[in-house]
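**Q** have a look; sequence and predicted model below, questions after that.
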Amino acid sequence: MKIKRVNLRHLKLDLLHPFTTSFMTEYDREFILVEVVGEDGQSGWAESVAMIDPLYNEETIKTNWHMLEDYLIPILLRTEIHHPDELSEKHFSHIRANYMAKSALEGAVWDLYARQQNASLASVLGGTKKSIEVGVSIGIKDSIDETLDVIGQRLSEGYKRFKLKIKPGWDIDLIDRVRKDYPEIPLMADANSAYSLEDMERLAALDDYNLMMIEQPLAHNDIIDHADLQARMKTPVCLDESIHSLEDTRKALKLGSCKIINIKIGRVGGLTESKKIHDLCQQHEIPVWCGGMLESGIGRAHNIAITSLPNFTLPGDTAASSLYWAEDIIDPEVTVEDGSITIPDSPGIGYAPSVAKIDKYTMYSKSYR
Ligand code: OSB
Ligand code: MG
């Protein structure tokens, strides 16, 4: 396959509710939407999950645009490929890091590839499930009562797992109150690197609450201290920020740094690498789940497709479009029924990007050929 044109668009969507983590509050989401056009005139779509500021990882919308415009798109436009795996394995591999930029372009090629095979993205990735169970990520709120209300609401909507964002001072009391009201719900906490080994006792105190896991308690670039922590905690540690590749995964498993991995397609450089991490974890009987980055429907559709692989045994963060946006940019929107999403079987990502809605939210765009 050959790509004859690439369109980059910078979009902005307002979040229905602000989302607060240990490191930021988001009120809207600006992101790059990538469209690749094949010689047959068909398009493939994906989004970059890089944010405006380098707070989750070092990438930003501007660094992604630069990498796409000056390196990755020129390579893609002059290269004939037979399978999307060749991008990360051969054509992009000499370029260091810049995972989210690579993932955005690779993802659009994957969508186009699936459409050209007249197959769903889930099926060309080797997905086996017909539907996936999903959970929800609940940001830091002004009060514990407010958090309890949101949990009650999401529970009534059928979500299968509840992830609470924590930070020092918004942790034990919160989890304690939630467990009093909801002793049985599948509950977990995500610290986004807000703790250090000095907080070992505070973290170990969470062992009393039957949490499914604690996600990324320690530094964003650490797998050594997490191994110490996991040895001292019964609650499974799940890594998010620290895992960028199959190699990181191999090393984290070797060290015992975690018992669960959150796979985010963008954080690991794309669908091909995600599938490899999935396969390695499966061999080691390490369950995985798909994380979220407040994606629009296009990124959400990619998350749904990868979650159809069999070792995604834990509910992920891919909630319904309507929890984030007044209007999503795909038709139909992503809907959740009784905590599950049906994997679409139409070609490609299986949701139609709405060019009219995309145009409405586009701040800037540029074409490359
Ligand atoms: O750590 O998983 C995270 C959002 C932005 C950055 C990092 C994270 C998150 C979420 C939200 O938890 C997941 C979602 O609802 O998309
Ligand atoms: Mg996380």
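**A** On my side now, so go ahead. Ligands and ions are numbered 1, 2, ... in the order given.

**Q** up against ligand 1, what does the stretch 51-200 of the chain have?
**A** 56, 137, 190, 192 (Cβ under 6 Å from any ligand atom). C-beta coordinates here come from the backbone N, C-alpha and C atoms, glycine included.

**Q** would you turn these into TSV with distance to residue 182?
**A** Output for these, formatted as TSV (distance: Cβ to Cβ, whole Å):
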residue	distance to residue 182
56	28
137	16
190	17
192	23
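
**Q** between the residues you listed, which has the most around it?
**A** For those, the largest neighbour count, defined by other Cβ atoms under 10 Å, is 26 neighbours, found at residue 190.

**Q** contacts only, for it.
**A** If you count contacts by Cβ atoms under 8 Å, 6 or more residues apart in numbering, residue 190 has them with 21, 137, 163, 164, 165, 166, 214, 215, 216, 240.

**Q** what about the first one, distance to residue 259?
**A** Pointing back at residue 21 there. Distance from residue 21 to residue 259, counting by Cβ to Cβ, to the nearest Å: 22 Å.

**Q** so which residues on the stretch 51-200 of the chain come close to ligand 2?
**A** residue 190 (Cβ under 5 Å from the ion).

**Q** how does it look with 8 Å?
**A** With the criterion set to Cβ under 8 Å from the ion, the stretch 51-200 of the chain comes near ligand 2 through 137, 190, 192.

**Q** let me know the helix or strand that the first one is in.
**A** Per DSSP states H and E, residue 137 falls inside strand 136-138.

**Q** direction included, what does that strand pair against?
**A** Using DSSP bridges, strand 136-138 pairs in its sheet with strand 162-165 (parallel).

**Q** quick one: contacts of the partner strand?
**A** With Cβ under 8 Å, 6+ apart as the criterion, strand 162-165 contacts 20-22, 135-140, 147, 151, 154-155, 174-175, 178, 182, 185-192, 215, 317.

**Q** could I get the buried residue list for the following helix or strand past it?
**A** Note on strand 162-165: by DSSP H and E, the next helix or strand toward the C-terminus is helix 172-181. Buried residues in helix 172-181, counted by 16 or more other Cβ atoms under 10 Å: 172, 174, 175, 178, 179.

**Q** report the secondary structure state of residue 341.
**A** Secondary structure assignment for residue 341 (DSSP: H, G, I helix; E, B strand; the rest coil): strand.

**Q** residues contacting it?
**A** Residue 341 is in contact with 131, 132, 134, 304, 318, 334, 335, counting by Cβ under 8 Å, 6+ apart.

**Q** next one: residue 205
**A** Applying Cβ under 8 Å, 6+ apart, we find residue 205 in contact with residue 172.
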